[in-house]
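Student: with the sequence up front, the predicted model follows.
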Amino acid sequence: MTALMIQGTSSWAGKSLLTTALCRSFARRGLRVAPFKAQNMSNNARVAQGGEIGAAQYLQALAAGVEPDVRMNPILVKPEGETRSQVIVDGVVDLELSRRPWPDRQLFLWPAIESALRSLLDDFALVLIEGAGSPAEINLREFDLVNMRVAAAANAPVLLVTDIHRGGAFAHLYGTWALLKEEERARIRGFVLNKFRGDPALLSTGPARVEELTGVPVLGVLPWLEHGLPDEDGAGPPAARPRRPRVVIVRYPTASNLDEFRVLEQVAQVVWAGEPKDIAGAAVVVLPGSKHVAGDLDWLRNSGVGSAITQRVASGGRVLGICGGLQMLGERIDDQHGVDGSGAGLGLLPLTTAFAPAKLTRQTETRFGRLEPPWRALSSLAVSGYEIRHGRTRLTGPVDLALPGGLGFARGPILGVYLHGLLENAEVVAALVGEAPSRTLDQSLDELADAVERHLDLPTLECHAGAVV
């Protein structure tokens, strides 16, 4: 029963990536490891045992070789706009808590966090805890549920990681350390410089000087890694593949589950579309999931992207809608329970969707039926994925059933499915763009662990964590 916590000097410093790498590395050494993040704010979610959790903790559990479950991310906050969000507690939506102002919510969340943490500490040899943002956000100290309060609850030493690619890394490390309370500083056992490009000699005396100032050693310098893993929050710029088929993904304001398109980047030029002109020249246009379907439908209309999609369909161009994207392609969405909002759809598929108060979350395996062009290459393919949705859809007119059980519909150049993770199936990607991705998730995780084992002082980390093997 021991723990090690990875905190960062800022968002995007590399906490998730380092935690993922350490999960795989310690697991390869024979330890039973679990990831943990007390509260995650992200619209990238996956289905785990007990409900839904952040995609990063799901991936970390796979890296550790254990089944993902809701204890690994007991609080998930899914933004639905500038001033509203949905709160998931222990894998399940809490609509009442979601309606409370943000400061009021914090009073109710710690018991669930502490219970999940204690349970994991009891069940696993090592719990690798990921922080959020920075522990030195002094304006948020009284609301801390995810950084030093968790480290104290787990009695965990802390590894502090910073993004050296942005510049100012030593100032970030020193400034973070300086803003912490004395007892919090004592928990920091090592610094890590992440995303380094170039000759390590360029670091000169920096690591020694920051250790002299703080008493904390730099335990490693991680190089810039083309790891191929999805981002924790939203999605970063896609990799450039200029001679590959162009797959355009519409990025409305609350687009969700964008992590599921990372595998596609191996074989396609993925483009985030925010304007009508971005649609031109696409092999496929994708309407992804949405955390606020009514709001994103308004954005589609106001931006002109909705009209561009309608014109594309009229000219025979392929459009794929996934979950919320499927719902947008229909005639209407109805919300009698205050879940999302009501409004008219794009009217491109003969279906309507009603939002239920209870969210459906499940892993799904199914098979495509017989499809006509331009989707014929998908016919009879077995696929796996997951569902996370309040929507229940019914047909209002004739349409081909692409997937059984109301999971997918096709008409001409339009395909709408409820299955997230569809484009993480290599055979589906090959059917859509003509080539299957070759790099597997396990290969990416092993490469990441290899890099950490080469560049970090793991023996020192193992001693701090009490995890010498």
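Tutor: All right, it came through fine.
Student: determine the number of other residues adjacent to residue 438.
Tutor: For residue 438, the tally of surrounding residues (other C-beta atoms under 10 Å) stands at 9. For the C-beta atoms, the positions are set from N, CA and C on the backbone; glycine is no exception.
Student: what of the one 4 residues further on?
Tutor: Burial of residue 442 is recorded as 12 neighbouring residues (other C-beta under 10 Å).
Student: any idea which helix or strand carries the nearest residue to residue 218 once chain neighbours are set aside?
Tutor: Nearest residue to residue 218 in three dimensions, chain neighbours excluded: residue 207, at 3.8 Å (C-beta to C-beta, 6 or more residues apart in numbering). Secondary structure assignment for residue 207, by DSSP states H and E: helix 206-214.
Student: check contacts around the residue nearest to residue 218.
Tutor: By C-beta atoms under 8 Å, 6 or more residues apart in numbering, the residues touching residue 207 are 191, 193, 217, 218, 221.
Student: which among the residues you listed end up buried?
Tutor: The neighbour-count test (16 or more other C-beta atoms under 10 Å) marks 191, 193, 218, 221 as buried among the contacts of residue 207.
Student: quick check: of those residues, which lies closest to residue 166?
Tutor: Using C-beta to C-beta, residue 193 comes nearest to residue 166 of those, at 11.2 Å.
Student: hmm, back to that, buried sites along the helix holding residue 207?
Tutor: In helix 206-214, counting by 16+ other C-beta under 10 Å, buried: 207, 210, 214.
Student: what's the answer for stretch 369-377, then?
Tutor: Neighbour counts over stretch 369-377 (16+ other C-beta under 10 Å) mark 371, 374, 375 as buried.
Student: among those, which one lies nearest to residue 344?
Tutor: residue 375 (25.9 Å).
Student: need phi/psi at that closest one.
Tutor: The phi/psi pair for residue 375 (degrees, to the nearest 10) reads phi -110, psi 10.
Student: what sits against it?
Tutor: 318, 402, 410, 415.
Student: neighbour-wise, which one of those residues leads?
Tutor: Ranked by neighbours (other C-beta under 10 Å), the contacts of residue 375 are led by residue 415, which has 29 neighbours.
Student: now that residue: how far from residue 436?
Tutor: 19 Å (C-beta to C-beta, to the nearest Å).
Student: likewise for residue 279?
Tutor: Distance from residue 279 to residue 436, by C-beta to C-beta: 25 Å.
Student: compare these two (neighbour count), which wins?
Tutor: residue 279 (21 against 15).
Student: the more buried one and residue 272 touch, don't they?
Tutor: No - using C-beta atoms under 8 Å, residue 279 is not in contact with residue 272, being 11.7 Å away.
Student: tell me which stretches of the stretch 101-250 of the chain form strands.
Tutor: Counting by DSSP state E, counting those that start in this stretch, the stretch 101-250 of the chain has these strands, from start to end: 126-130, 158-163, 188-196, 218-223, 246-250.
Student: would CSV of the ones you listed with distance to residue 175 and mean pLDDT be doable?
Tutor: What follows is the strands of the stretch 101-250 of the chain, written out as CSV (distance: least, C-beta to C-beta, whole Å; pLDDT from 0 to 100):
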stretch, distance to residue 175, mean pLDDT
strand 126-130, 21, 97
strand 158-163, 10, 95
strand 188-196, 12, 93
strand 218-223, 16, 91
strand 246-250, 37, 97
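Student: of all those, which one comes closest to residue 454?
Tutor: strand 218-223 (9.1 Å).
Student: so, low pLDDT: which residues of the protein?
Tutor: 1, 232-234, 464-469 (pLDDT under 70).
Student: looking at it, which strand is longest?
Tutor: Looking across the chain with DSSP state E, the single longest strand is strand 351-367.
Student: flag every buried residue along that strand.
Tutor: Taking 16+ other C-beta under 10 Å as the criterion, strand 351-367 shows 351, 352, 353, 354, 355, 359, 361, 364, 366 as buried.
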